[in-house]
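Visitor: here's my sequence, what's the structure:
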Amino acid sequence: MPDTGCCASGNCPAAVAIHLIGSELKLVLMHSMMAHGRRFNELRELTEMCQSSLTRTLRELEDIGLAERVVHADERPVAVEYRLTPMGQDLSIAIEAFERWTERWWHALKAHAREEIA
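Guide: Reported below is the predicted structural model:
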């Protein structure tokens, strides 16, 4: 942590943000919606999350303001998709930076990763 600024005093907005969005499920879902909106079953297939976890995590992302549920009432049957809000899209920049960091350091990380991930 830096020696100056809000983080040095223990009043760090970044720490609060990490606490709010730092779960693996939230980040995986956000990553899945970075390119475009996705339907519920598409997200379920991409993330391999069970229905209840996916529902809960999407609601949490909506509550934070990172994702939104969009109903396309003009389609039959009515279609619902989830997509990132402008705030969520801004965060995708950090997710992309994390991807680049992971690609650079994967050789060192995989030695510590659980066997099913490696």
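Visitor: give me the contacts around the longest helix seen in the chain.
Guide: For the chain, the helix with the greatest residue count under DSSP state H is helix 86-109. With contact meaning C-beta atoms under 8 Å, 6 or more residues apart in numbering, helix 86-109 is reached by 21, 27, 30-31, 33-34, 61, 65-67, 84. (Each C-beta comes from the backbone N, C-alpha and C, glycine too.)
Visitor: for stretch 60-80, same thing?
Guide: Applying C-beta under 8 Å, 6+ apart, the external contacts of stretch 60-80 come out as 20-21, 26, 29-30, 33, 37, 39-40, 58, 81-85, 87-88, 91.
Visitor: what about it, average pLDDT?
Guide: Mean pLDDT, computed over stretch 60-80, is 92.
Visitor: what residues sit buried inside that stretch?
Guide: By neighbour count on 16 or more other C-beta atoms under 10 Å, the buried set for stretch 60-80 is 60-61, 64, 66-68.
Visitor: got JSON lines for the residues you listed, with secondary structure too?
Guide: Converted to JSON lines, the buried residues of stretch 60-80 look like this (DSSP: H, G, I helix; E, B strand; the rest coil):
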{"residue": "Glu60", "secondary structure": "helix"}
{"residue": "Leu61", "secondary structure": "helix"}
{"residue": "Ile64", "secondary structure": "helix"}
{"residue": "Leu66", "secondary structure": "coil"}
{"residue": "Ala67", "secondary structure": "strand"}
{"residue": "Glu68", "secondary structure": "strand"}
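Visitor: any chance of the residues you listed in JSON lines, with distance to Ser52 too?
Guide: As requested, the buried residues of stretch 60-80 are exported to JSON lines (distance: C-beta to C-beta, whole Å):
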{"residue": "Glu60", "distance to Ser52": "13"}
{"residue": "Leu61", "distance to Ser52": "15"}
{"residue": "Ile64", "distance to Ser52": "19"}
{"residue": "Leu66", "distance to Ser52": "20"}
{"residue": "Ala67", "distance to Ser52": "17"}
{"residue": "Glu68", "distance to Ser52": "20"}
